[in-house]
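Visitor: Just the structure for this:
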Amino acid sequence: MGTEGTTSTMNKAAGKAAWHNWAGTVTARPQRIVAPASVDELSAALRKAAEDGLTAKAVGTGHSFTAAAATGGVLISPERLSAIRAIDREAGTVTVEAGVPLKQLNAALAAEGLSLTNMGDIMEQTVAGATSTGTHGTGRESGSISAQIKALELVLADGSVLACSAEENSDVFAAARVGIGALGVISTITFAVEPVFLLTAREEPMTFDRVTAEFDALTAENEHFEFYWFPHTDGCNTKRNNRSQGPAAPVPAVRGWIDDELLSNGVFRAACSFGRAVPSAIPGIAQVSSRALSARTYTDIPYKVFTHPRRVRFVEMEYAVPREAAVAALRELKAMVDASDFRISFPVEVRIAPADDITLSTASGRDSAYIAVHMYRGTRYQEYFTAVEKIMTAHGGRPHWGKIHTRDAEYFAGVYPRFAEFTALRDRLDPGRLFANDYLRRVLGE
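Guide: Purely as a prediction, here's the structure:
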């Protein structure tokens, strides 16, 4: 599921600027906030933080539900590092500064007749924030946004600048594409791009039993497959995206507004608010919601197919499990919900990704399925998420670095074969822990 708008907020509180993430689950009060406009200014800000004995963290648009970017020291905003530096058609790359929002990148590429190969379903995040936490879409063969990185520039704790690619500082490149802000501050990223293409999206209701029975075939037969299961029902909504020769046939404006704004946002927000006030009504609402969106087929350029507006605020947990464990985990999840007193107003989202070679990517070394659960903001989510997490960890699940979970370094050492490689690199690049915070101490150790 996605999120909306300008997602982090800063305001004056108790004499300090208070930063909040989009979901309202994290608040930080840094000693100071800086917004460097160049790599030199970023390097100087990091050196100054070290001199003052403060930690430093870069923050994007606040879409992480965890405290990955929280700091009581120096908070670095990338809002002025927002240039698209170069488009190289011959090499098939685009180089952008860390603070460029994905929506700006997607629009700029489309104007040049280019596109990323794959992307998530929202585009409000900055490129550095999205890649550092492992943001992904769904794809049989095309991986996360981080897997599309060809090179990056990392500013280290001492202010030095390290160029990283498969050919240069390859060990850092392997880790920093999903670095969780632990290794340095990304200043620029070079992505692989390709000529813009058309995708035909086929959205269709399907029963839970059918989706799970045909899951392997659906993932094998489609370039991009995902589905949503509505708890308290047997209903799912499936989406299959495949490349098309065209012609383009976008969703008609009125139909798009009804489906994406009225039903998926306006009516859904009202239903969630009512469900929060009257939890006993949620199963009935879910039955209606599972039937509200009818089948549709349309063809458009990638970012207009992959991405959707998401304006209903929520909290989220997502786990990547080995793809061969997906159906078992989903059936256990449904059985748990059916047998419980939980009242779940948000659908469960299921996506896939191929194995990649990024040290702490959730798809590192294994084909993966992503199972994401959500709760409306302001409702109690802890018991539901705890029950879900128990199922996912039993299958060796890896939680999304930017979404709610309770795992620690000991757990991650068991599910990531290259975990020690990452922590050793962190020891080398940031021995003084300039980039440390409570979240990193929990997930990576001291």
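
Visitor: going forward, measure contacts and count neighbours with C-alpha atoms only.
Guide: Will do.

Visitor: pLDDT averaged over stretch 316-336 - what is it?
Guide: Taken as a whole, stretch 316-336 carries a mean pLDDT of 98.

Visitor: residues of it that come out buried?
Guide: Buried positions in stretch 316-336, judged by neighbour count with 16 or more other Cα atoms under 10 Å: 316-323, 325-327, 329-330, 333-334, 336.

Visitor: where do the strands sit along the stretch 151-300 of the chain?
Guide: For the stretch 151-300 of the chain, strands defined by DSSP state E, counting those that start in this stretch occupy the ranges 161-165, 185-192, 194-195, 198-207, 224-229, 235-244, 296-300.

Visitor: Dump these into CSV; add mean pLDDT, mean neighbour count and distance to Ala281 as well.
Guide: As requested, the strands of the stretch 151-300 of the chain are arranged in CSV below (pLDDT from 0 to 100; neighbours: other Cα atoms under 10 Å; distance: least, Cα to Cα, whole Å):
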stretch, mean pLDDT, mean neighbour count, distance to Ala281
strand 161-165, 98, 19, 53
strand 185-192, 98, 24, 46
strand 194-195, 98, 15, 47
strand 198-207, 96, 20, 22
strand 224-229, 97, 24, 18
strand 235-244, 96, 20, 17
strand 296-300, 94, 18, 28
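
Visitor: Please identify which of those is closest to Ile344.
Guide: Checking those against Ile344 by Cα to Cα gives strand 224-229 as the closest, at 11.1 Å.

Visitor: The closest one to strand 198-207, inter-axis angle?
Guide: 30 degrees (axes from the mean of the first three to the mean of the last three Cα atoms, to 10 degrees).

Visitor: now for strand 224-229, which elements pack on it?
Guide: Packing contacts for strand 224-229, counted by 3 or more Cα pairs under 8 Å, 6 or more residues apart in numbering; DSSP states H and E, involve strand 235-244, strand 348-353.

Visitor: for the longest one, packing partners?
Guide: Other helices and strands packing on strand 235-244, by 3+ Cα pairs under 8 Å, 6+ apart, are strand 198-207, helix 208-213, strand 224-229, helix 282-292.

Visitor: buried set for the helix or strand containing Leu425?
Guide: In this structure, Leu425 is located in helix 419-429 according to DSSP states H and E. If you call a residue buried by 16+ other Cα under 10 Å, then helix 419-429 has these buried ones: Phe419, Phe422, Thr423, Leu425, Arg426, Leu429.

Visitor: neighbours of the residue nearest to the fifth one when sequence neighbours are not counted, just the number please.
Guide: Distance criterion Cα to Cα, 6 or more residues apart in numbering; nearest residue to Arg426, sequence neighbours excluded, is Leu183 at 5.6 Å. The local packing count at Leu183 equals 28, with neighbours defined by other Cα atoms under 10 Å.

Visitor: ditto for Phe306
Guide: 20.

Visitor: May I ask you to confirm that it is in contact with Asp121?
Guide: Yes: between Phe306 and Asp121 there is a contact under Cα atoms under 8 Å: 5.3 Å.

Visitor: Which residues are in contact with each of these two?
Guide: Common neighbours of Phe306 and Asp121, counting by Cα atoms under 8 Å, 6 or more residues apart in numbering, are Gly137.

Visitor: hmm, back to that, JSON lines for the helices and strands packed on strand 224-229, including distance to Thr188?
Guide: Formatted as JSON lines, the helices and strands packed on strand 224-229 follow (distance: least, Cα to Cα, whole Å):
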{"stretch": "strand 235-244", "distance to Thr188": "30"}
{"stretch": "strand 348-353", "distance to Thr188": "25"}
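
Visitor: Quick check: which of those strands is nearest to Thr299?
Guide: strand 235-244 (7.6 Å).

Visitor: quick one: that closest one to strand 224-229, angle?
Guide: Using the same axes, to 10 degrees: strand 235-244 against strand 224-229 is 170 degrees.

Visitor: Pretty sure Lys48 sits in a helix.
Guide: Yes: using DSSP: H, G, I helix; E, B strand; the rest coil, the assignment for Lys48 is a helix.

Visitor: what about it, neighbour count?
Guide: Lys48: 16 neighbours (other Cα under 10 Å).

Visitor: Over to Ala372?
Guide: Counted with other Cα under 10 Å, the neighbours of Ala372 add up to 21.
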